[in-house]
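Student: please find the sequence and the predicted model below.
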Amino acid sequence: MTELNFSRRQSGEENHDSSRAIDSALRGSYDPQTNLTIWGSGNPVPGYDATRRPGDNLFTASAIAFDVANGKMKWYFQYTPNDSRDYDETGTHVLIDTKVNGADRKIVTHAGRNGFNYTFDRTTGQFLNVGQYVAKVTWTKGIDPKTGKPVDYDPARDLQLYAEPPRALENKGTRLVCPEISGGSNLWPAAYSPKTKLFYIPSLEGCADVTPDHSAHVPGKFAGGTYTHPDRITSSLVVMDPATGQQKARKELPYPNVAGALSTAGGVLITALADGTVLALDDQTLDELWRINVGTGFNAPPMTYSVNGKQYIAIASGLGRSARNKLTRSTELRHFSQATMIFVFGL
Amino acid sequence: MRVALLGVMMVVGSATAGAQEDFSYARRLYLDKAQCSYCHGWAGDGAGEGQSNGGAANLRQTRLNRAQLVITIMCGRPGTAMPHFDEAAYTDKRCYGTTEAELGKNTPALPPGSTLQGREAEAIADYVLAKFAGRGAATRAECEETFGKDARACSEYAAKP
């Protein structure tokens, strides 16, 4: 087995957490064709205070492919070296067989929490393309289409500022970060449709005021600072072409999406919002086909199944507290109720 | 000697009666309905979830009295992540004599749990004063009182502080 430990350059400070192992909040993807399992990894901590952990902090915020036969790491790609915005990349890494520039390729695509969608050759880890899907990104001026690294990444620096102001690293230095600390996409799944060969990303849209606190790294706390939402968080449904990195369509939605997306063979895309709305959209135009609001929010992905030839859509309701924390500026929902139910609809 | 022993037994007896005061209602409000624990931690020590806003007060070191705790719960703290649990806060001047129009982006947000009635905020304030205020580090006994005996989450706390 390959054991992955948090890397940091020696800073002269007390060595709090140099042996902290990399964690992953979600399970990886397994590819029987290549016998690889591909995992996204967590962010470095203290999350908002990079000064305690100079260096790239490999292998945090990365995609990592392991050979199942021997447990050895086959390849890796780090999305945001020395992150200080809680941009972990434990969200789904989706395995797709498709044509890229006319050639058959085995690819893996990932909607990064940092606001960009990345595609690799999953056999070798070769970076293929990247595209921004979140409407507003402030932390970087963009991703280099040749390397996949942020254009403002400087490997010679101990601490990465990217496009942020110097106070981003300073004690109590508040700055606005977009996308907000949850992303972008996160643990809820994006959907790939073999019918359209497109990738559907349910994305949060919004920003957070993030404030590092250099005294906050104490037992029991690992955020390294604080954040607040100065404005409401909304969402978008973004359609990306994983073969090119091009954005094909997007639809802005008024409430956070912390549920996920589901594509169907019939061309109907299902998604759900934190205000209790279930939406059926056309998988080409994103035109709305149907909607219902059930009065309690969704924090679980829609699923589908068939019984005696009739196809159903099922979705569980009930917001976790981190999901509910995305509604704190949606003051019209102050009477919003919470119920844990399973709702089933005929497709 | 007998008299002295009787005195000790009476003290122990009254302490036991105090410990058995039922805080299960307030604990449910703190942990579930209001989700105070999301930011302040189950033990009130400010060690909330990593995804929470961070910087929550350590309630074990609070110097607020009951009335001040209730106001802080209902009105939040402007300019910080402490939300308001009074659903009508800042729609009029009931909180600190100010409104959302005056505070702008410094207006406390809605909570990650439900809003509360005044009597619920009072129950939480009593819980904070009884179970957190003036106490040192969280103990396994407190953890088991909160989550039940043999709760897996309690194993990280030393059996005896």
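Tutor: Nice, thanks for sending it over.

Student: give the contact list for the most centrally placed residue in chain B.
Tutor: By C-alpha atoms, centre = their mean, chain B has its centre lying nearest to B:Val128, at 3.9 Å. Contact partners of B:Val128, counting by C-beta atoms under 8 Å, 6 or more residues apart in numbering or on different chains, are B:Tyr30, B:Gly44, B:Leu59, B:Thr62, B:Leu69. Every residue, glycine included, has its C-beta placed from N, CA and C.

Student: let's see it at 10 Å
Tutor: For B:Val128, the contacting residues are B:26, B:30, B:36, B:40, B:44, B:59-60, B:62, B:64, B:66, B:69, B:72-73, by C-beta atoms under 10 Å, 6 or more residues apart in numbering or on different chains.

Student: out of those, which are inside helices?
Tutor: B:Ala26, B:Cys36, B:His40, B:Arg66, B:Leu69, B:Thr72, B:Ile73 (DSSP state H).

Student: quick one: distance of stretch A:332-342 to the chain centre.
Tutor: 25 Å (C-alpha atoms, centre = their mean, to the nearest Å).

Student: ditto for stretch A:48-58
Tutor: From the chain centre to the centre of stretch A:48-58 is a distance of 20 Å (C-alpha atoms, centre = their mean).

Student: okay, and A:Lys141 sits in which element?
Tutor: A:Lys141 is part of no helix or strand when elements are defined by DSSP states H and E.

Student: same deal with A:Ala216?
Tutor: Using DSSP H and E, no helix or strand contains A:Ala216.

Student: okay, and the residue nearest to the centre of chain B sits in which element?
Tutor: Assessed by DSSP H and E, B:Val128 sits inside helix B:118-131.

Student: A:Leu237 now?
Tutor: Using DSSP H and E, A:Leu237 sits within strand A:234-241.

Student: now that strand: how far from the chain's centre is it?
Tutor: Using C-alpha atoms, centre = their mean, the offset of strand A:234-241 from its chain centre is 12 Å.

Student: give me the buried positions along whichever helix or strand comes after that strand.
Tutor: Moving toward the C-terminus from strand A:234-241, the next helix or strand (DSSP H and E) is strand A:246-253. Under the neighbour-count criterion of 16 or more other C-beta atoms under 10 Å in any protein chain shown, strand A:246-253 has A:Lys248, A:Ala249, A:Arg250, A:Lys251, A:Leu253 buried.

Student: same deal with stretch A:68-85?
Tutor: By neighbour count on 16+ other C-beta under 10 Å, the buried set for stretch A:68-85 is A:Lys74, A:Trp75, A:Tyr76, A:Phe77, A:Gln78, A:Tyr79, A:Thr80, A:Pro81, A:Asn82, A:Asp83, A:Ser84, A:Arg85.

Student: endpoints of that stretch, how far apart?
Tutor: Start-to-end span of stretch A:68-85 (C-alpha to C-alpha, to the nearest Å) is 32 Å.

Student: tell me which element the residue lying closest to A:Asn171 once chain neighbours are set aside is part of?
Tutor: In this structure, A:Asn171 finds its nearest non-sequential neighbour in A:His214, 4.2 Å apart by C-beta to C-beta, 6 or more residues apart in numbering or on different chains. Here A:His214, judged by DSSP H and E, is contained in no helix and no strand.

Student: low-confidence stretches in chain A?
Tutor: A:1-22 (pLDDT under 70).

Student: go again with 90.
Tutor: A:1-27, A:216-223, A:334-338 (pLDDT under 90).

Student: so the residue nearest to A:Asn171 sits against A:Ser84, correct?
Tutor: No. Under the criterion of C-beta atoms under 10 Å, A:His214 is not in contact with A:Ser84, lying 11.9 Å apart.

Student: quick one: common contacting residues for the two?
Tutor: With contacts defined as C-beta under 10 Å, 6+ apart, the residues shared by A:His214 and A:Ser84 are A:Pro46, A:Tyr48, A:Asp49, A:Thr51, A:Leu169, A:Gly224, A:Gly225.

Student: so which of the residues you listed are also by chain B?
Tutor: A:Pro46, A:Tyr48, A:Gly224, A:Gly225 (C-beta under 10 Å from any C-beta of the partner chain).

Student: what about those residues, which are in strands?
Tutor: A:Gly225 (DSSP state E).

Student: between the ones next to chain B among the shared contacts of A:His214 and A:Ser84, which sits nearest chain B?
Tutor: Among those, A:Gly225 lies closest to chain B (C-beta to the nearest C-beta), at 5.9 Å.

Student: count of neighbours near the closest one?
Tutor: 26 (other C-beta atoms under 10 Å in any protein chain shown).

Student: state the distance from it to A:Tyr48.
Tutor: Relative to A:Tyr48, A:Gly225 is positioned 3 Å away (criterion: C-beta to C-beta, to the nearest Å).

Student: who touches both of those two?
Tutor: Joint contacts of A:Gly225 and A:Tyr48 (C-beta under 10 Å, 6+ apart) are A:Ser84, A:Asp86, A:Val210, A:Thr211, A:Pro212, A:Asp213, A:His214, A:Ala216, B:Gly54.

Student: can I get the residues you listed in CSV including distance to A:Ala111?
Tutor: Output for the shared contacts of A:Gly225 and A:Tyr48, formatted as CSV (distance: C-beta to C-beta, whole Å):
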residue, distance to A:Ala111
A:Ser84, 21
A:Asp86, 16
A:Val210, 21
A:Thr211, 27
A:Pro212, 26
A:Asp213, 30
A:His214, 32
A:Ala216, 30
B:Gly54, 25
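
Student: which one (most neighbours) among these?
Tutor: Busiest of these [other C-beta under 10 Å] is A:Ser84, holding 29 neighbours.

Student: quick one: residues contacting that residue.
Tutor: A:Ser84 touches A:43-44, A:46-51, A:53, A:57, A:139, A:159-162, A:164, A:168-169, A:177, A:210, A:212, A:224-225, counting by C-beta under 10 Å, 6+ apart.

Student: which bits of the stretch 151-300 of chain A sit near chain B?
Tutor: Counting by C-beta under 10 Å from any C-beta, the stretch 151-300 of chain A sits next to chain B at A:181-182, A:186, A:208-211, A:213, A:216, A:218-232.

Student: quick check on those: which are buried?
Tutor: For those, a neighbour count by 16+ other C-beta under 10 Å gives the buried set as A:181-182, A:186, A:208-211, A:213, A:216, A:221-230, A:232.

Student: quick one: the helices in the chain, in order.
Tutor: Picked chain A for this. A:321-324.

Student: correction: the question concerned chain B.
Tutor: Using DSSP H, helices in chain B cover B:2-19, B:24-28, B:36-40, B:66-75, B:100-103, B:118-131, B:140-147.

Student: tabulate the ones you listed (TSV), appending mean pLDDT.
Tutor: TSV is the format used below for those (pLDDT from 0 to 100):
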stretch	mean pLDDT
helix B:2-19	46
helix B:24-28	97
helix B:36-40	96
helix B:66-75	98
helix B:100-103	96
helix B:118-131	98
helix B:140-147	94
